[in-house]
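> Pasting the sequence and the predicted coordinates here, then a few questions.
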Amino acid sequence: MEMTLAEQPLSPGSVLVAASGTTMVDAGTKGLTPAQKARYDKALALVWDKKPEAARTLLNEFLVDFPTSNLTPNALYWLGETYYSQKRYSLAILTFKDVMRRFPVHSKASDAALKIGYSYEQLGDTQNARLVFKNLLKTYPDSNSAELARTKLKQFEG
């Protein structure tokens, strides 16, 4: 799963302000048990090692075992990335939408929205991709993801 620097997810502790004025915070590792952190880190290492099936197994286990962890939104986001990396765009969309539905003010929400747009584009559905990117700009205008959405919208136009 190759990503440019601009496409990489926000780091733990990132703070964004949504269009509504709501401050979005990624709680990161604060309040985690060593077991939670170790299991999450192991799953994430598998994502980066391009082993999506194994990563997906560990991420799903993490989500079941730690449904209220500070890292739950991140784990769900990375679950979506495992599908995206395998070009399973419909499943990626569903998973990224779950991130946005369950954690709308978490820093991963804007990243998930961007990946939904990318997924629609990969499926050849530029109409939905445009809608997602435009909504991202309205909802998370100051996010790193919004800048990437602006770039995509300009590419569609010209």
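Cool, the structure landed.
> can you pull the contacts of L63?
72, 75-76, 79 (Cβ atoms under 8 Å, 6 or more residues apart in numbering). Any C-beta I mention is one placed from the backbone N, CA and C, and that applies to glycine too.
> for R130, that is, sorry about that
Applying Cβ under 8 Å, 6+ apart, the residues near R130 are 117, 153, 156.
> Alpha carbons of the helix or strand encompassing it, as PDB, please.
Here R130, judged by DSSP states H and E, is contained in helix 126-139. Presented in PDB, the C-alpha positions along helix 126-139 are these (Å, rounded to 0.1, in the frame of the first residue of the first chain):
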ATOM      1  CA  THR A 126     -16.700   9.800 -10.400                       C
ATOM      2  CA  GLN A 127     -20.100  11.300  -9.600                       C
ATOM      3  CA  ASN A 128     -20.100   9.900  -6.100                       C
ATOM      4  CA  ALA A 129     -16.400  10.600  -5.800                       C
ATOM      5  CA  ARG A 130     -17.100  14.300  -6.500                       C
ATOM      6  CA  LEU A 131     -19.900  14.400  -4.000                       C
ATOM      7  CA  VAL A 132     -17.800  12.800  -1.300                       C
ATOM      8  CA  PHE A 133     -14.900  15.200  -1.900                       C
ATOM      9  CA  LYS A 134     -17.200  18.200  -1.900                       C
ATOM     10  CA  ASN A 135     -18.800  17.100   1.300                       C
ATOM     11  CA  LEU A 136     -15.300  16.600   2.800                       C
ATOM     12  CA  LEU A 137     -14.500  20.200   2.000                       C
ATOM     13  CA  LYS A 138     -17.600  21.400   3.800                       C
ATOM     14  CA  THR A 139     -17.300  19.200   6.800                       C
END
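> Next secondary structure after that helix?
Assigned by DSSP H and E, the successor of helix 126-139 is helix 144-157.
> tell me the angle that following helix makes with helix 126-139.
140 degrees (axes from the mean of the first three to the mean of the last three Cα atoms, to 10 degrees).
> so who does L58 touch?
L58 neighbours (Cβ under 8 Å, 6+ apart): 39, 42-43, 46.
> same question, V47
Contacts here follow Cβ under 8 Å, 6+ apart; on that basis V47 touches 1, 55, 78, 81-82, 85.
> sorry, back to before: out of the contacts of L58, who's nearest P104?
Nearest to P104 out of the contacts of L58 is A43 (Cβ to Cβ; 23.4 Å).
> quick one: that closest one and E53 touch, right?
No - contact between A43 and E53 fails when scored by Cβ atoms under 8 Å: they sit 11.8 Å apart.
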